[in-house]
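*Asks:* A predicted structure for the sequence below; I have some questions about it.
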Amino acid sequence: MASQRRGPQKDSSTVVVDWLKSLNNLSGYEFLFMRYSATGFVPATAGEKVFGVLANGGAASAIQVTVHSFGKSQLKVNEACSAGERLVADGSGAGVVTATDNEDLGAIALADVSAAGQIIPVMVVAGLRQ
């Protein structure tokens, strides 16, 4: 009998870091930009380099988390944006549009959205400098 694959399913176009544990309670932070700290993943804030996008929030600390660090994912955005626009973290870890040159990007929008608080498909490009 063939063994069954366990764990999150991965799109072959997405680099997933799912072996790291976080000592922080990330419940409610799904689809936000994350950075890595001494205690594990925490939401990124404005001006910080992002590690990726949290794909599962979990309900308690010291659990395994899934973070997309490159490739397709979903991201909560805090303003309207268009496909192709460059996104960075705002103060809460959500995506906002940047027009600043020489800034470390977090993702590129893959869809248009007309209102804040929406979750959209993105191409995560954590650390790419534009």
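*Replies:* Okay, I see it. Residues are numbered from 1 along each chain as shown.
*Asks:* Every contact and neighbour count from this point should use C-alpha atoms.
*Replies:* Will do.
*Asks:* where's the residue most central in space within the chain relative to residue 36, distance?
*Replies:* Nearest residue to the geometric centre of the chain (CA atoms, centre = their mean): residue 53, 1.3 Å. For residue 53, the distance to residue 36 equals 11 Å [CA to CA, to the nearest Å].
*Asks:* Please apply the same query to residue 114.
*Replies:* 31 Å.
*Asks:* Have a look at these two and say which one is more surrounded.
*Replies:* Higher neighbour count among residue 114 and residue 36: residue 36, with 16 against 10, using other CA atoms under 10 Å.
*Asks:* For the more buried one, list the residues it contacts.
*Replies:* When contacts are counted by CA atoms under 8 Å, 6 or more residues apart in numbering, residue 36 touches 42, 50, 51.
*Asks:* Closest one to residue 71 out of those, please.
*Replies:* residue 51 (12.4 Å; CA to CA).
*Asks:* ok, that closest one touching residue 66?
*Replies:* No: counting by CA atoms under 8 Å, residue 51 sits too far from residue 66 to count as a contact (11.6 Å).
*Asks:* Quick check: end-to-end length of stretch 116-130?
*Replies:* End-to-end distance for stretch 116-130, by CA to CA: 24 Å.
*Asks:* For it, buried residues please.
*Replies:* Within stretch 116-130, the residues scored as buried using 16 or more other CA atoms under 10 Å are 119, 120, 121, 122, 123, 124, 125, 126, 127.
*Asks:* just checking, what packs against the strand ranked longest in the chain?
*Replies:* Ranked by number of residues, the top strand in the chain under DSSP state E is strand 67-77. When contacts are defined as 3 or more CA pairs under 8 Å, 6 or more residues apart in numbering; DSSP states H and E, strand 67-77 packs onto strand 15-17, strand 52-54, strand 95-97, strand 118-125.
*Asks:* Show the contacting residues for residue 51.
*Replies:* With the criterion set at CA under 8 Å, 6+ apart, residue 51 makes contact with 33, 34, 35, 36, 69, 106, 126, 127.
*Asks:* Out of those residues, name the two that are farthest from one another.
*Replies:* Most distant of the contacts of residue 51, by CA to CA, are 36 and 106, 13.7 Å apart.
*Asks:* which neighbours do these two share?
*Replies:* Here residue 36 and residue 106 have 50, 51 as joint contacts, going by CA under 8 Å, 6+ apart.
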